[in-house]
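Peer 1: Here is the input, now give the coordinates:
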Amino acid sequence: MRSSQGVIGILLGLAAGLAFGAGGAIVKPLLEAGWSPGAAVFFRITVAALLLAIPGLFALKFDLRPLWRAKWVVLVYSVIAVAGVQLAFYTSIARIPVSTALLIEYLAPVALVAFAWARTRHVPQLVVLAGSVVAITGLVLVIGPTGGPLDPFGVIMAGIAMLGVAVYYVLGERSDLGVPPIALAAVGCLIGCLVLGLSALTGLVPFEVAFTNVDFLGTSAPWWVPMLTVGAFSTAFAYVAGIQAIRMLGTRLSSFLGLSEVIFAAIVAWALLGEAIGPVQALGGLLILGGIVLVKLERRPGRASASELVDETPEFVAERADAASVRRP
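Peer 2: Presented below is the predicted three-dimensional model:
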């Protein structure tokens, strides 16, 4: 059963990576039509919040007490892991190259390994360290950061986005909260869109929209078609699948699976936008997958074997007590 659950978790993690990775290619026509990144993020999270509201209530059985009991964790998740990541990332790409910001943001899995190392003072297994190096090398090859001087504030904001991604994985694993994944995603998007809306009203984030037809999938479509697509698939589904994968696989493996997002982003951009994938990017994608496989090979603490799981019936306990009394001098 655990093996089957692991396979399902990996499939969900890859599905979340595909959904998140496709978001850029889906939103790009809107950005080219005059939408600001902040406005696009606000609308996509708002669409996701609306789509997940009723399913989230059903998952909670219309009982909001679990949300209230976990209010601080839910609030941190919403503000930091949803709204904070988006705000920090889009603030960073206004000052430094997008590729460099992505590279910093996706250092989150390595940051989680380093944090666990510092917290437990146990050196991670060699296979985890090797997987980290291989995956990050592949990430560099796929993204290909631009050289040159970098704005310090932009680098700091990208680092904050990276910490927000780490929080997303750490809090997403909290199955003890009593909040189902779809409910956590729903409230996260709801609070996230409120935070982003306030940021736009205060001028912290540029907010520009263009309610016109855009080029989408080789044809002309109203602006709301790609917006609904990115809100439903690349936001609502992505967060729900991602949280469920984290709870099934744990923080470490799911965070490395999240690196598949950059691979899927390149593939979707090639399929929808005609952006070519070079041999260096292809090699980088293979290295990322190799790093994920190495992390998956991490040995977990052993469990009792089936032969050791003896049926503790009263008759067996009595027999064991009699045998002990015979052996006792």
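
Peer 1: Check which residues of the lengthiest helix in the chain are buried.
Peer 2: Ordering each helix of the chain by length in residues (DSSP state H) puts helix 2-32 first. Across helix 2-32, burial judged by 16 or more other C-beta atoms under 10 Å covers 9-10, 12-30. The way it works is simple: take the backbone N, C-alpha and C, and place the C-beta from them, glycine included.

Peer 1: same question for that helix, mean pLDDT?
Peer 2: Per-residue pLDDT over helix 2-32 has a mean of 84.

Peer 1: Tell me the gap between it and the middle of its chain.
Peer 2: Relative to the centre of its chain, helix 2-32 is centred 9 Å away, using C-alpha atoms, centre = their mean, to the nearest Å.

Peer 1: Are we agreed that Ala158 is in a helix?
Peer 2: Yes: assignment of Ala158 by DSSP: H, G, I helix; E, B strand; the rest coil places it within a helix.

Peer 1: Using CSV, list the CA coordinates for stretch 144-162.
Peer 2: Output in CSV follows, covering the C-alpha atoms of stretch 144-162 (Å, rounded to 0.1, in the frame of the first residue of the first chain):
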residue,chain,number,x,y,z
GLY,A,144,20.9,29.5,-18.2
PRO,A,145,21.2,32.5,-15.9
THR,A,146,22.4,35.7,-17.5
GLY,A,147,25.8,37.1,-16.4
GLY,A,148,26.6,40.6,-15.5
PRO,A,149,26.1,42.8,-12.4
LEU,A,150,23.0,42.1,-10.3
ASP,A,151,20.8,44.5,-8.4
PRO,A,152,21.2,43.6,-4.6
PHE,A,153,17.6,44.3,-3.8
GLY,A,154,16.4,42.1,-6.7
VAL,A,155,18.6,39.2,-5.4
ILE,A,156,17.2,39.7,-1.9
MET,A,157,13.7,39.5,-3.2
ALA,A,158,14.4,36.4,-5.2
GLY,A,159,15.9,34.9,-2.0
ILE,A,160,12.7,35.7,-0.2
ALA,A,161,10.7,34.0,-2.9
MET,A,162,13.0,30.9,-2.4
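
Peer 1: what's in contact with that stretch?
Peer 2: The contact list for stretch 144-162, computed with C-beta atoms under 8 Å, 6 or more residues apart in numbering, reads 84-85, 88-89, 91-97, 99-101, 103-108, 111, 280-281.

Peer 1: Which residue, neighbours along the chain excluded, lies closest to Gly231?
Peer 2: Leaving aside its sequence neighbours, Gly231 sits nearest to Val47 (C-beta to C-beta, 6 or more residues apart in numbering; 2.6 Å).
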